[in-house]
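A.B. asks: this is the structure alone, sequence omitted:
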């Protein structure tokens, strides 16, 4: 945990919680990133596209601003492109299969005290821990 930054983590968590709360209050929508992105690329209704696009652009802009202003020396994961693509496809498949993503279940579902979301988050975390263990200790890292 060489990059543990509790202050920026706390600030980021507050911003994420605030964004999820405001989206639910003003749009009646759950801030599940995979659902927002899926609706952006598959939705044919023009009235529903604009807020989705702004939400995704805001996430990208926030990440770029953090890297530029807060931690300019941070080096992102140096992974091959094929591995990132496969990982992204598997995440997309998993969110479809699990009827939601970690952000939707973890941030919004747990905030609503949903048992279904608690179950999903426990499975997400368990599989993430297991995958990390297998990749690092069984396969020797990639």
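C.D. replies: Sure thing, it's come through. Just so it is clear, the structure is predicted and the values come from calculations on it, not from any experiment.
A.B. asks: from residue 20, how far out is the residue nearest the centre of the chain?
C.D. replies: Taking Cα atoms, centre = their mean, the centroid of the chain lies closest to residue 103, which sits 5.0 Å from it. With the distance defined as Cβ to Cβ, to the nearest Å, residue 103 ends up 8 Å from residue 20. Heads up, the C-betas are built off the backbone N, CA and C, glycines and all.
A.B. asks: shared neighbours, these two?
C.D. replies: Any residue near both residue 103 and residue 20 by Cβ atoms under 8 Å, 6 or more residues apart in numbering counts here, and that gives residue 31.
A.B. asks: so what are the domain limits for this structure?
C.D. replies: 1-76, 79-142 (automatic domain parsing).
A.B. asks: now mean pLDDT too, for these, in a markdown table please.
C.D. replies: Below are those laid out as a markdown table (pLDDT from 0 to 100):
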| stretch | mean pLDDT |
| --- | --- |
| domain 1-76 | 81 |
| domain 79-142 | 84 |
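A.B. asks: distance of residue 103 from residue 19?
C.D. replies: 10 Å.
A.B. asks: find residues that contact each of the two.
C.D. replies: What both residue 103 and residue 19 touch, as defined by Cβ under 8 Å, 6+ apart, is the set residue 31.
A.B. asks: next, count neighbours for residue 31.
C.D. replies: 22 (other Cβ atoms under 10 Å).
A.B. asks: change the start of the numbering to 50 and stick with it
C.D. replies: Okay, using 50 as the starting number, the last item reads as residue 80.
A.B. asks: which non-adjacent residue is nearest it?
C.D. replies: residue 69 (3.9 Å; Cβ to Cβ, 6 or more residues apart in numbering).
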